[in-house]
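*Asks:* model this:
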Amino acid sequence: MAAAIRAIYRGRRAVPLPVQVRDRLGELFPDAAFAEAFGRAGKPGWSPGRLALVTVLQKAANLTDRQAADEVRENLAWKYALGLDLEDPGFDHSVLPEFRSRVVAHGLEERVLDLLLERLTALDLLTADGSQRTDSTHIVSAVRDLNRLELVGESVRAALNALAAACPDWVDQVLVVDDWSHRYGDRVDSWRLPTSKTKQDKLALAYAQDGYTLLQAVYAPASPGWLRELPAVQTLRQVLVQNFTRTADRVGRLRIRRRERAEDGGDGLPPAPSRLASPYDTDTRWSAKRETFWNGYKLHVSETCHPQAEGDRPGRPNLITNVTTTCSTLPDSKALSAIHQGLHRRHLLPARHYLDSGYPSAELIASAAKTYGVALVTPVLLDTSRQAKARQGFAAHDFTIDWENNKALCPAGKTSATWNDVVQEGVAKTVVSFAALDCIPCPVKERCTSSRQGRRLSLYPWELTEAIRAARARQRDGTWQRDYALRAGVEGTVRQATHTTGLRRARYRGLAKTHLDHTTSAAALNLIRLHAWWNGHPLDRVNHSHLARLQLSLTA
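*Replies:* Next up is the predicted model:
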């Protein structure tokens, strides 16, 4: 095999990625790293380390499972990278989903990326205490988008199919199969729904009545107890609770009513983070970010970044150090702690972390520096007070705070009258008030406050206030703006990830398998970048049209 590869790629012919990975990195994924997911007894199977490498190469080429299995059988470069003989027949494509299921079941979603980063660190291609940048992007789930009406009907259908597969005799005894099959034999979204609001509400109540009837039969004393533990049955129960209410009238009859938003006079809908969007993927959620509205997840990508002069070859390639997959409704600021924990576990914490304005807060700036020694380079939210917005008058940063003596000094030289520690919206703050006798006759009162009483300040605790003031002061410096421009490169990384490996749309259902897909894609992107860096090929070649070239020349 080695002789054949040397003969094929003799001379100046470019060596493909799988061959260079084998030659430069050796055996990346040993079987021992996946031993806990594969028992010693049972039928013989393929090497889990080889399957891990196949999964990474599959993402690098953006192939399906069948195409990846064909490459292992037919492509000499893949056989060489996997250490196979020429006569090796490969494996059936069904081995790959079974491998992914085992990895997820044993919590090894990040093992592939961990092993690759460990090898790159040993080769001095990755180091800690440098600069890194992070950005997030939306991921569309692998299920159909359903509205509320379709969700209820499809949930009933999913529960019926699960019950029919688990215990067909019970379904035959309890339900009239012909009637239920007529209504739920096909997908709910495969036929045209009524257009009028009245007919839609009527159909929704019919779906709900069928769902409650089915649950009543499942929870009946004569029914097997294990039927109610089926995931599809529990999903149906949750969908009905989130979308309908049942109340008893004066004669004891249960009346079903569709939930509506509280602002529209209804009973209220559950918050977005807990509202199910599909009966087949209970982790996906609807979310919105500016003009983008999607049903799926959110991906956070962190990579190293090395400032360099134009035209210089970088000393190291920019490599992805962490990927975090979260629910689509989770704010970016809530994911930053998990990102730092992942980098800390891999011993790859940066000294400077470049982020956009969606990540930082006063608490995170202080805690990142104190807990991990990481300086967040990020535009913080500016002072939103009236004086700061108008850029005239005295804003909060114009006051001198004496934290040791619990006093504040205004620009006119007056000392605060009260100092009270309070909790506002669950956040500990300090409210500082100035006496009305000092503020009313003050000659600069119009520049300070419009209140008939004295000026009041609402301050975070000492560490947070000083951290946010220092960040705002640095942000006004032109040098900081030029330094922060380094973060813009992560936008290209997100584009490369979504276009090269097809990350924009999830391949699998569930948060765990989606995260496994993201970690293997990150490993594949690192290998693609290393392959380009080893061969001296830039990754940012752009073909401009004649019109675009003219526009660029006029701009220059």
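*Asks:* use CA for all of it now, contacts and neighbours both
*Replies:* OK.
*Asks:* how about the strands in the stretch 51-200 of the chain?
*Replies:* With DSSP state E, counting those that start in this stretch applied, the stretch 51-200 of the chain shows strands at 131-140, listed in chain order.
*Asks:* ranges for the helices of it?
*Replies:* 65-74, 76-82, 95-105, 111-122, 148-166, 168-174, 177-184, 197-218 (DSSP state H, counting those that start in this stretch).
*Asks:* ditto for the stretch 251-400 of the chain
*Replies:* 332-345, 362-367, 386-390.
*Asks:* Need these in a markdown table (columns: mean pLDDT and distance to Ala556).
*Replies:* Shown next, in a markdown table, are the helices of the stretch 251-400 of the chain (pLDDT from 0 to 100; distance: least, C-alpha to C-alpha, whole Å):
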| stretch | mean pLDDT | distance to Ala556 |
| --- | --- | --- |
| helix 332-345 | 93 | 36 |
| helix 362-367 | 83 | 38 |
| helix 386-390 | 57 | 35 |
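*Asks:* picking up where we left off before, can the helices of the stretch 51-200 of the chain go into JSON lines with extra columns for mean neighbour count?
*Replies:* Shown next, in JSON lines, are the helices of the stretch 51-200 of the chain (neighbours: other C-alpha atoms under 10 Å):
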{"stretch": "helix 65-74", "mean neighbour count": "18"}
{"stretch": "helix 76-82", "mean neighbour count": "21"}
{"stretch": "helix 95-105", "mean neighbour count": "16"}
{"stretch": "helix 111-122", "mean neighbour count": "19"}
{"stretch": "helix 148-166", "mean neighbour count": "21"}
{"stretch": "helix 168-174", "mean neighbour count": "13"}
{"stretch": "helix 177-184", "mean neighbour count": "12"}
{"stretch": "helix 197-218", "mean neighbour count": "17"}
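*Asks:* who wins for proximity to Ser333 among the ones you listed?
*Replies:* helix 111-122 (23.7 Å; C-alpha to C-alpha).
*Asks:* Please put the alpha-carbon coordinates of the closest one into CSV.
*Replies:* Output in CSV follows, covering the C-alpha atoms of helix 111-122 (Å, rounded to 0.1, in the frame of the first residue of the first chain):
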residue,chain,number,x,y,z
ARG,A,111,-13.3,12.4,22.4
VAL,A,112,-12.3,12.8,18.7
LEU,A,113,-11.6,16.5,19.0
ASP,A,114,-9.8,16.1,22.3
LEU,A,115,-7.4,13.5,20.8
LEU,A,116,-6.7,15.7,17.8
LEU,A,117,-6.0,18.8,19.9
GLU,A,118,-3.8,16.8,22.2
ARG,A,119,-1.7,15.6,19.3
LEU,A,120,-1.4,19.1,17.8
THR,A,121,-0.4,20.5,21.2
ALA,A,122,2.4,17.8,21.4
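*Asks:* Give me the distance between the spatially closest residue to Ser47 that is not a sequence neighbour and Gly153.
*Replies:* In space, and not counting its chain neighbours, Ser47 is closest to Asp31: 6.5 Å by C-alpha to C-alpha, 6 or more residues apart in numbering. Applying C-alpha to C-alpha, to the nearest Å, the value for Asp31 to Gly153 is 45 Å.
*Asks:* Check the burial of Arg255 by counting its neighbours.
*Replies:* Using other C-alpha atoms under 10 Å, Arg255 is surrounded by 12 other residues.
*Asks:* Let me fix that, I meant to ask about Leu175.
*Replies:* 13.
*Asks:* May I have the phi/psi pair for it?
*Replies:* When read as degrees, to the nearest 10, the backbone of Leu175 gives phi -110, psi 160.
*Asks:* Make 47 the starting number, not 1.
*Replies:* Yep, numbering from 47; the last one is Leu221 now.
*Asks:* so what's it up against?
*Replies:* Listed by C-alpha atoms under 8 Å, 6 or more residues apart in numbering, Leu221 has no contact partners.
*Asks:* wait, which of the helices of the stretch 97-246 of the chain is closest to Glu409?
*Replies:* Nearest to Glu409, of the helices of the stretch 97-246 of the chain and by C-alpha to C-alpha, is helix 157-168 at 29.0 Å.
*Asks:* List of residues touching the closest one?
*Replies:* 71, 74-75, 79, 98, 172-173, 367, 392, 565-566, 568-569.
*Asks:* I figured the residue nearest to Ser93 hits Gly95, correct?
*Replies:* Yes - under the criterion of C-alpha atoms under 8 Å, Asp77 makes contact with Gly95 at 4.7 Å.
*Asks:* If you count surrounding residues, which of these two has more?
*Replies:* Using other C-alpha under 10 Å as the criterion, Asp77 and Gly95 rank with Gly95 on top: 20 against 16.
*Asks:* and the strand or helix carrying the more buried one, C-alpha only, in CSV?
*Replies:* Gly95 is part of helix 94-107 when elements are defined by DSSP states H and E. Below are the C-alpha coordinates for helix 94-107, written out as CSV (Å, rounded to 0.1, in the frame of the first residue of the first chain):
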residue,chain,number,x,y,z
PRO,A,94,-13.5,2.1,16.7
GLY,A,95,-10.4,4.2,16.2
ARG,A,96,-10.6,3.6,12.4
LEU,A,97,-14.3,4.4,12.5
ALA,A,98,-13.5,7.7,14.2
LEU,A,99,-11.1,8.6,11.5
VAL,A,100,-13.6,7.6,8.8
THR,A,101,-16.2,9.9,10.5
VAL,A,102,-13.7,12.8,10.4
LEU,A,103,-12.7,12.2,6.8
GLN,A,104,-16.4,11.9,5.9
LYS,A,105,-17.0,15.4,7.3
ALA,A,106,-14.0,16.8,5.6
ALA,A,107,-15.4,15.6,2.2
